Structure formats: C-alpha cells, structure tokens
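>>> Turn this into a structure:
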Amino acid sequence: MIMPLHVFFEIPAMASDVEEIKKRIDIVDYLGAFITLKKAGRNYKALCPFHNEKTPSFIVSPDRQTWHCFGGCQEGGDAIKFLMKWENMTFFEALKELAEKTGVKLQKLDFEDKIWKKKERLFAINSLAEEFFHFLLTKHKIGEEARQYLSKRNISSKVIETFKLGYSPSSWESLSKFLIKKNYQSLDLIESGLVVQTETNRTYDRFRHRLIFPLKDPRGNTLGFSGRLFTDEKEAKYVNTPETPVYHKRETLFGLNITKENVKKKEQVIVVEGEFDMLTCFQNGISNVVAVKGSAVTRDQLMLLKRYTNKMILALDADSAGEETTKRAISDAEALDFEIYVADYNYAKDPDEAITTDLARFKKIIDEPVVYYDFIISRAFNKYHAGDAFSKKNIATEVVNYLVDIQNPIVKIHYIKKLSSMIDVDDKTIENLMNKEIIKRKKKNLTKVIVNKAVEINRFELLQRYVLSVLFQNSDPKKTIKQILKIVQPENFSIPSYQKLLERFGNFIEKRESMDFNIKQFIQTLSSELIPVFDEIYLFDIAIFDKTIEEIDLNKTLMEIKKLALKKQIKEKITNIGDNDEEDKHSVNQLVEQLSSLEKKISMV
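Next up, the predicted model:
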C-alpha cells in the first residue's frame, strides 16, 4: 500500500516547502530522467528500478504525482521518496537536493533527521581521515616508501591528487589520536570502520602500513577506504572498510565520482577489477572506466552504471575467476537492457599489465570489443575444439546456458543461427536445447519460490481492485459509477476500504450531477486512511489483464463480483446456521436462488 509522506517523517513546519517542491516537479519528467517510462492509459509504467523483474510493474501517475511498484518490492511514494530510494538518501538529503533543483528556499528545520545527522558525521570523519592519509603520502617523510612504490607502478602525482590516494602508517593509533583531537568520540570511529574494537574493548586503527584508496559515491562523499599492501608482508593483500551506515560494498564503484561525466560523454563504461587497473587506464587516456570491489559485478553496481550509460565493456582479469565473474554479471545486465561487450585481451593477466606491456594494443581491443555472446562462443570452441559429435554437444550445452538469458528476440535469433551454423546443426536443435534449459530452470525455481503472503491477493479481491481502477482511471467516471451501481452495491465488496471508496464516490457524483468532474475535489473528501488506498487503485496497472479500459467487459466483471459475494455470503450463513433457524435457512435458499439466476445470466453474456 502506498504510504503518505507524513507516515515516514513528521515535518509540520516544512509541509509548505515540501508541497511547493512537489508542485514544481513533474513526476513523469523527473522519473523519466532516471528510468524508461511508457504510456499506459492515464498512467505510465516501467520496469521497477528497485528490484529485478522482466514484466513492468512500476506505475507512475501524472495526475496524482505518485509512483508505486506492484511487483516484488511494493514500494511507492512521491518524487522525494523516489530520490531517497534511488540515491540511498535520507529525507533531508533528498529534500535539500530537490529544493536546490526547483529553486525553493527551505525554511528552518522543525525536525531532526537523525539518520542524516549520523551519515553527515561519518562523511566528515571519513573526509578528515582521507586528508590525513593523503598528507602522509604526499607531504610527509613517512610516506616515502609508498611514494616510491607508486612511482614504480607509473602512477603520476596528478592521478594521486585526483583520486586523493593516501598512506596509512604502521602505528596502531595515529589516526585515532588525530580524529579524537578533532572532537570525535571512539564510538564514532568504530562506527565508521576506521577503528577496530576487540573483545577486551581495546581499540586500534584498521589500516596500517598500506596504500589507501578512498571509496566515494557519485556525489563525491567519502564512504570508506580500501587499504592495499605494497610490501611482502604475510597479510591479506587488501583490507577494506566493513559495511557501515554509509558504505555498502555491493553498491560502490571505485572512481565513478571522477569518471561519470566521461562515461556519459562516451556513452559506454569500461569495468575493471582492481584500483590499479582503473588508475592505469585513467592515466593512459581511457577515462570512462570504473573498478568493482572484489571480483563480483553486482546488480546494485549495474543499476548505478545504468544512470550514465547503456553500454558496458567488461575488462576483468584474464583468469578463470575473472571469466566466471564476467559470466555471472550477464544475467543481471541483460535484465537491465545493457549492451554487453568484453575486452578480450590474452597477452596479460589484467588491464594494468596489458597497458604496461602494449598500450596501443590494449586501446585497440577497447575500441573493438567483442560482443559478450561471441566471447562465450569463442571460449567454448577453444575449450572443446568441435572436432567430433561429443565436442559439439559440449559446446552447445555450454553456450545455450547463456543464450537463454538474452532478452532481445533479434539478438537471440542471431546467436541461435550463428551457433547452429558453427556446429553444423539446424536452428531447431538449438531452440530445443534452449527450451530444455528453460524447463530445467523453472523446475529448479519451483522448489525455491515462496509466495509473499503480504502481497498475495485472491481473485475476489483482485476483481474489486480491478473494477475500482476502471472507475477512477476512466475518462468518464460519472457514467461508469452508474453502470457499476446497477449491478453491485458497496456491501458486495469484501474489503472495507473498497466499500467506502465505492460508496463515497457514488455519493460524491450524486451531489455533483450537474457539475464537471474533478478527481482532486473527490480526494479532498477522503480521510487520511483512504487516500493511500485510492492512490494504489489509481496506479493499478489494468494491462496485467492484457486489456485497455476501452476493451473491458465491465458488466461481466461486475456480475462475477456479485456471484463471488453471494457465494461468500451463503458460506458464512451456512457456517453459522443452527438446526432450528428456519428464518436463516429460508434466507440461504433465497441467496442460492439469486446465485443460480445470476449464473444463468453470466453464461448468456
């Protein structure tokens, strides 16, 4: 159910500012800058950007200036709530950004956004830590060894400055002492992840004797750090900030805050694995590049990249782990409608080494990337050689596993034909293998699917919502309400809020029979409890029934509701009827007769 804004935040004195901001934003234009919206009757719909889906369930209403997902996440709200979800912002952060965008000057805050206060404090701590590490690397004699290492890796002083690289000393508490002098408490430092607390309550700096790479969001806020060994010590090569209120590994891409404009300008992004891969690319003129943390490319990272481009070139490490990472990224990338390519270099272990060995060759590979599915086919042929029937079988089995994920039918047909030609079989053979793989996946998924009881809805309830959606989304609701009330009455609806909406709308129209219809006037008559119910109905996607409003046989739907209401009423009476309740028995017989008569009418429609 869509919740009004005041449910999330108490903002009485700022209500006028919030309303003014929302007045100045057209929600269709605003959300359309983030996601692809398509017209659907009075509303617009899209694939929900907040969960993985193949059928659009995200509905936007220009009339109500709201959005709602009727799919897996069941989220909804206004433009402010959308920005909060999209950027993982607090209410206050989103409000400030939209106020600046719309030219609204915010009044003095009458509420305390504790979540924002905490995030602001952590950003400030991380920013000071970044300055501390950067100073030690670039200005202090203690950073000399780290500077020499970066020089050997051919990392320029300009890149060091651009990305604010740093050095953490071997000391167990130098950073802690520095930050405590800046009036931060030990608990703040522990929460930031910069300081570790032991079981005996001893604390020490997490990063010691390491190169430091600041990890930032696209707006430049410092979320955390990655610390890399540059000596032969027997420790973990990388130590990273743990999950905190501001740092989430699955959502972070190193360097995006610097390269995002180049990504947009070049209309493509190159994804690499490590910070040095990213920095070496950037330093050598490949400026539309980002690095993932670890080897996995997550859906959250892909969604972040989707804001800037639709084309992705994967240039992950040229080892088996990098290849598997590349494969795992494809399913989500396909679902998000990326054009997916691979930088298929085979003369080095990673982009850093490839550039150092032969920059011109690597740039040519980047300029002429391989379509991902060509890459899969090529690797399968290299692996099995296609010399006999069994090799061909192995190639087909491996490649088909990826072809079934292709969303675009033209692309899918192209690769079916290509594979069938290469192993000398007909297209139907490949299609049959793909169908078997789809069936196998469906059977596997059946064992995993758990119906979400919170969003599950039976047919009787669904039809009630359907009829109310037809009513409120109709171009002539005054005519439609009369049609509805000829067949059903509010008491035929099983959901109390739906009963109230139907009854109140009927009364509203009756009192204004000679006046022009205005949906906003009707909404003003509703209680605060009914408004979110109305919004959910107003945004309901009628197209899930594969029909438009004009194509709907409303009378038939209404008669089915009447039939289900009668069945429910009969069942309730029979359950409660006593042996000697002759009046109730007579009432049941009357209801049964009504049901029989109605079923005859339905069969004749």
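
>>> and residue 349, how far is that from residue 85?
Here residue 349 is placed at a distance of 39 Å from residue 85 (C-beta to C-beta, to the nearest Å). Heads up, the C-betas are built off the backbone N, CA and C, glycines and all.

>>> Out of the two, name the residue with the larger neighbour count.
Ranked by neighbour count (other C-beta atoms under 10 Å), residue 349 and residue 85 place residue 85 first, with 17 against 12.

>>> What spatial separation is found between that one and residue 31?
In terms of C-beta to C-beta, residue 85 sits 11 Å off from residue 31.

>>> Can you give the domain ranges for this protein?
5-111, 113-247, 249-368, 375-446, 459-604 (automatic domain parsing).

>>> pLDDT of the longest helix along the chain, averaged?
Across the chain, the longest stretch assigned as helix under DSSP state H is helix 114-138. On average, the pLDDT along helix 114-138 is 93.

>>> Does it pack against any helices or strands, and if so which?
Here helix 114-138 touches helix 91-102, helix 144-152, helix 157-162, strand 166-168, helix 174-181, helix 186-192, strand 210-216, strand 222-228, going by 3 or more C-beta pairs under 8 Å, 6 or more residues apart in numbering; DSSP states H and E.

>>> what's it in contact with?
90-93, 142-143, 146-147, 157, 160-161, 164-169, 175, 178-179, 182, 184, 188-189, 191-192, 194, 207, 211-212, 214, 221-225, 244-246 (C-beta atoms under 8 Å, 6 or more residues apart in numbering).

>>> cutoff 7 Å now
90, 92-93, 142-143, 146-147, 160, 164-169, 175, 178-179, 182, 184, 188-189, 191-192, 194, 212, 214, 221-224, 244-246 (C-beta atoms under 7 Å, 6 or more residues apart in numbering).

>>> how about that helix: buried residues?
Buried residues in helix 114-138, defined by neighbour count with 16 or more other C-beta atoms under 10 Å: 116, 118-126, 128-130, 132-134, 136-138.

>>> Deepest-packed of the domains of the chain, please.
domain 249-368 (a mean of 19; mean count of other C-beta atoms under 10 Å).

>>> now that domain, how far from the centre of its chain.
20 Å (C-alpha atoms, centre = their mean, to the nearest Å).

>>> does the closest residue to residue 508 other than its chain neighbours belong to a helix or a strand, and which?
Spatial nearest neighbour of residue 508, excluding adjacent residues (C-beta to C-beta, 6 or more residues apart in numbering): residue 522 at 5.2 Å. Per DSSP states H and E, residue 522 falls inside helix 519-524.

>>> mind checking how far that helix is from the chain centre?
32 Å.

>>> So what touches it?
Counting by C-beta under 7 Å, 6+ apart, 63, 505, 508, 531, 534 sit against helix 519-524.

>>> and the least confident of those residues?
Out of the contacts of helix 519-524, that is residue 63, at 85.

>>> so that residue, which of the three states?
Assigned by DSSP: H, G, I helix; E, B strand; the rest coil, the conformation of residue 63 is coil.

>>> quick one: it from residue 144, how far?
In terms of C-beta to C-beta, residue 63 sits 65 Å off from residue 144.

>>> Next: residue 410.
58 Å.

>>> again, but for residue 45
Taking C-beta to C-beta as the measure, residue 45 falls 59 Å from residue 144.

>>> and if you look at residue 168?
Residue 168 is 14 Å from residue 144, by C-beta to C-beta.

>>> Just checking, which helix or strand succeeds the helix holding residue 522 along the chain?
Following helix 519-524 toward the C-terminus (DSSP H and E): helix 531-538.

>>> contacting residues around the following helix or strand past that next one?
Once helix 531-538 ends, the next helix or strand along the chain (criterion: DSSP H and E) is helix 554-576. Outside of helix 554-576, the residues within contact range by C-beta under 7 Å, 6+ apart are 460, 463-464, 466-467, 470, 483-484, 487-488, 492, 494, 584, 587-588, 591-592, 594-595, 598-599, 601-602, 605.

>>> Could you look up the next helix or strand downstream of the helix or strand hosting residue 17?
Following DSSP H and E, one finds residue 17 within helix 15-23. Once helix 15-23 ends, the next helix or strand along the chain (criterion: DSSP H and E) is helix 27-32.

>>> In the stretch 151-300 of the chain, where is pLDDT below threshold?
294-295 (pLDDT under 70).

>>> can you tell me which residues contact residue 213?
165, 225, 226, 228, 254, 275.

>>> repeat that with 10 Å
Going by C-beta atoms under 10 Å, 6 or more residues apart in numbering, residue 213 touches 133, 163-166, 224-228, 238, 240, 254-255, 274-276, 278-279, 291, 293.

>>> Please verify my assumption that residue 253 contacts residue 307.
No: with contact defined as C-beta atoms under 10 Å, residue 253 does not count as touching residue 307 (11.2 Å).

>>> Report the set of residues contacting both of those two.
218, 260.

>>> Quick check: residue 268 vs residue 369, distance?
Residue 268 sits 9 Å away from residue 369, going by C-beta to C-beta.

>>> let me fix that: residue 414
Distance, residue 414 to residue 369, by C-beta to C-beta: 17 Å.

>>> Next, residue 45: secondary structure please.
strand.

>>> ok, what's across the strand from it?
Residues in a beta bridge with residue 45, per DSSP bridges, are residue 38, residue 59.

>>> what residues are up against it?
The contact partners of residue 45, taken as C-beta under 10 Å, 6+ apart, are 36-39, 55-60, 67, 70, 539, 541, 543.

>>> same thing but 8 Å
Residue 45 neighbours (C-beta under 8 Å, 6+ apart): 37, 38, 56, 57, 58, 59, 60, 541, 543.

>>> next one: residue 467
484, 488, 554, 557, 558, 561.

>>> just curious, which of those is nearest to residue 152?
The shortest gap between residue 152 and any of the contacts of residue 467 belongs to residue 557, at 74.2 Å (C-beta to C-beta).

>>> ok, the closest one to residue 482 distance?
16 Å.

>>> How about residue 144?
Counting by C-beta to C-beta, the gap from residue 144 to residue 482 is 86 Å.

>>> again with residue 433
According to C-beta to C-beta, residue 433 stands 56 Å off from residue 482.

>>> ditto for residue 151
Residue 151 is 82 Å from residue 482, by C-beta to C-beta.
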